[in-house]
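Asks: make a model of this:
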Amino acid sequence: MSDIPRRTASRTAKLASLPLGVAGRAAAGWGRRLAGGDREQISAQMMAKSAEQLFAVLGELKGGAMKFGQALSIFEAAVPEELAGPYRDALTKLQSAAPPMPPSDVHRMLAEQFGRNWRSRFRDFEEEPAAAASIGQVHRAVWRDGREVAVKVQYPGAEEALRSDLRQLARMSRLLQPLAPGMDVKPLITELQERMVEELDYRDEAENQRAFAAEYDGDPEIRVPKVVASAPRAMVSEWVTGRRLSDVIRSGTQEERDHAGARLAGFHYSAPYRLHLLHSDPHPGNFQVLDDGRLLVVDFGAVARLPEGLPPPLTVMTKYALENRPADLLQLLRDEGFVRPGTELTAEEALAYLAPFTEPLHTETFRFTRAWLQRQAERVGDLRRPEFDTGRALNLPPQYLLVHRVTLGTLGVLCQLEAEVPLRGIVGHWQPELFAAS
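Replies: Numbers count the residues shown, from 1 in each chain. Sure, this is the predicted structure:
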């Protein structure tokens, strides 16, 4: 593959093959069951084949298609095990792996970004990529001063492919729903449309990473690699590596899971107050655990700017829910545009909908589990429950969209870790007004 497949018609056809493939396998499985086949075995085979196709198509297309898959991978903990299981490995692969581009394209991109003599900047450059993701891949190298570095190179055609995918995914959101049972796909795609294009200029990412690296320099819990050089489509930073968070999720001990979960929560809640920025791509592929216990954070292409830290109205809403103040909660929801105009919603309904999400803040430590997240997803997503109608009356104003997704994404990763986290203390340190006496 010389670059990302660019033609819109070709990419659309590949994306369309995902839901159509699922439907086709379902029909074939139904036919085999009529012929006397074992229902459970046929269903397992069908789901496994669908997962293989998911990774193959989204991984090959990269761009917005792969970003969509990575976003789904955060939330698989909210999907019942019998549905999520077959997709878990395929989605995890999308967090850090994709078919690489050939060396000739890498050389051409580096020459375009750093000049024809780009090799003179390096003592050594490994041709085989160390990692490949949605719009770029990473090579290990040695900088001219002897430092080990990571060289991130954008795929040729990434911008065109990203924009094309996001347009097509928006049009196909209903067809893609079978790939994410129990989740509303359309808002996820809408947000990807608005945010992912920001990641195309690596100079912006480098500026973000420099800010995070400076703030967390010497921090006992968080490590951010320093930036060495940057250009619009290539970037060089310190080479730092540890144990992938996806590996901790898959095979870590409970102690390792708890440790990683506490570090992740600490990073999520501290950054908005320490430097008024929020790392906005919380899938496990962007985190590793170093030998010294620190959490390594990479990929700063998506960052939210929060001049007041996390938006104060969100803190006040959480406080009202914690303190069982339904009337105050509903009034603030209306004032901030969280209630759709013309809808009827009682204070008790609003509190019943939101209060369970504050459960992790009621005790000194809280065990995040897939089962807990699944209960929350079922509670608000079941047509037969009153919370479903409450959810239809609520709205998410655009200014809160990214913070909401990142917080839910971090929550999803904590549930994948099944980690016990002292979240009340972490949040209280950065948001003391949340637990202050009213």
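
Asks: going by C-alpha atoms from here, please, whenever you check contacts or count neighbours.
Replies: Will do.

Asks: list the buried residues of the host helix or strand of Arg424.
Replies: Element membership for Arg424 (DSSP states H and E) is helix 423-430. With burial defined by 16 or more other Cα atoms under 10 Å, the residues of helix 423-430 counted as buried are 423-427, 430.

Asks: got it, and stretch 298-318?
Replies: Residues of stretch 298-318 classed as buried by neighbour count (16+ other Cα under 10 Å): 298-304, 306, 309-310, 314, 316-318.

Asks: what's the mean pLDDT across it?
Replies: Averaged over stretch 298-318, pLDDT sits at 92.

Asks: and what of stretch 325-338?
Replies: The pLDDT scores in stretch 325-338 average 95.

Asks: and the contacts of it?
Replies: For stretch 325-338, the external contacting residues (Cα atoms under 8 Å, 6 or more residues apart in numbering) are 313, 317, 320-321, 339, 346-348, 350-351, 394-397.

Asks: what does stretch 391-400 give?
Replies: Taking contacts as Cα under 8 Å, 6+ apart, the residues outside stretch 391-400 that touch it are 311, 336-340, 343-345, 353, 380.

Asks: how about a cut-off of 6 Å?
Replies: Identification of contacts with stretch 391-400 by Cα atoms under 6 Å, 6 or more residues apart in numbering yields 338-340, 343.

Asks: please apply the same query to stretch 291-303.
Replies: Contacts for stretch 291-303 (Cα under 6 Å, 6+ apart): 199, 205, 209, 221-224, 278-280, 286-289.

Asks: give me the three-state assignment for the nearest residue to Leu278 once chain neighbours are set aside.
Replies: With Cα to Cα, 6 or more residues apart in numbering as the measure, Ala304 is the residue that lies nearest to Leu278, at 5.0 Å, once sequence neighbours are left out. Taken by DSSP: H, G, I helix; E, B strand; the rest coil, the conformation at Ala304 corresponds to strand.

Asks: now Asn324
Replies: Going by three-state DSSP, the secondary structure assigned to Asn324 is coil.

Asks: from here on, call the first residue 40.
Replies: Will do, 40 is the new start, and the previous item becomes Asn363.

Asks: burial of it, as a residue count?
Replies: One way to gauge burial is a neighbour count; for Asn363, by other Cα atoms under 10 Å, it gives 15.

Asks: how about Glu388?
Replies: The tally of other residues near Glu388 (other Cα under 10 Å) stands at 16.

Asks: burial count for the nearest residue to it once chain neighbours are set aside?
Replies: Using Cα to Cα, 6+ apart and skipping residues adjacent in sequence, the residue nearest Glu388 is Thr429, 6.6 Å away. The local packing of Thr429 (other Cα under 10 Å) involves 20 other residues.

Asks: before we move on, what about Phe251?
Replies: Phe251: 24 neighbours (other Cα under 10 Å).

Asks: gap between it and Met148?
Replies: 27 Å (Cα to Cα, to the nearest Å).

Asks: could you do Val190 as well?
Replies: If you measure Val190 against Met148 using Cα to Cα, the figure is 12 Å.

Asks: for Ala476, same thing?
Replies: Where Met148 is concerned, Ala476 sits at a distance of 57 Å (Cα to Cα).

Asks: the more surrounded of the two?
Replies: Met148 (18 against 6).

Asks: SS state for the more buried one?
Replies: The three-state label given to Met148 by three-state DSSP is helix.

Asks: over to Ala180?
Replies: Recorded secondary structure, Ala180: strand (three-state DSSP).

Asks: stretch 262-282 spans what distance, first to last residue?
Replies: In terms of Cα to Cα, the two terminal residues of stretch 262-282 are separated by 13 Å.

Asks: re earlier: which one of the buried residues of stretch 337-357 is nearest to Pro139?
Replies: Distance to Pro139, by Cα to Cα, is smallest for Asp338 among the buried residues of stretch 337-357, at 18.0 Å.

Asks: next, the closest one: secondary structure please.
Replies: Once three-state DSSP is applied, Asp338 turns out coil.

Asks: pull the contacting residues for the closest residue to Val190 other than its chain neighbours.
Replies: Nearest in space to Val190, with sequence neighbours left out and distances taken as Cα to Cα, 6+ apart, is Val275 at 4.6 Å. Neighbouring residues of Val275 by Cα under 6 Å, 6+ apart: 189-190, 267-268.
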